[in-house]
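Asks: just coords:
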């Protein structure tokens with residue numbers, strides 16, 4: 001069984017203060033942190049949800065059909081899910097940073113959608 005050592009530096013305060021690093025040992029291969037390959041043309045599988053919003057997105061634009069939110073890729077990334085292309089223009093809450101969140105005008109439709117595990121094709125990544 002392989003062991004992986006991960007060192008985490010704790011940062012706190014207005015001025016960055018380094019504390020004594022904590023070390024964790026991962027005993028199980030499935031606990032190994034996932035390295036995200038951000039290559040164009042790559043397909044990934046991830047949780048996909050829907051959200052409603054009125055107003056301005058993280059990109060500074062007003063919401064529109066075909067928008068998706070995610071924290072792992074840059075604004076302007078284009079993906080395809082279930083044959084539909086979406087442009088990444090918004091961010092998710094930190095606790096949902098691994099999810100892809102499709103903008104939906106109707107709140108009831110978003111609730112009915114729920115959480116789905118779907119393949120996502122990465123079409124374009126800006127400023128590669």
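Replies: Nice, thanks for sending it over. Quick caveat, the model's predicted, so the values are computed rather than measured.

Asks: Am I right that residue 110 sits in a helix?
Replies: Yes: under DSSP: H, G, I helix; E, B strand; the rest coil, residue 110 sits within a helix.

Asks: ok, how many other residues are close to it?
Replies: 17 (other Cβ atoms under 10 Å). Glycine gets a C-beta too; all of them are placed from N, C-alpha and C.

Asks: three-state assignment of the closest residue to it other than its chain neighbours?
Replies: In this structure, residue 110 finds its nearest non-sequential neighbour in residue 50, 3.8 Å apart by Cβ to Cβ, 6 or more residues apart in numbering. Under three-state DSSP, residue 50 falls in the strand class.

Asks: State the distance from residue 50 to residue 114.
Replies: Distance, residue 50 to residue 114, by Cβ to Cβ, to the nearest Å: 9 Å.

Asks: next one: residue 100
Replies: 14 Å.

Asks: how about the strands in the protein?
Replies: 4-8, 11-12, 17-18, 22-26, 43-51, 67-69, 78-81, 84-90, 100-103, 116-124 (DSSP state E).
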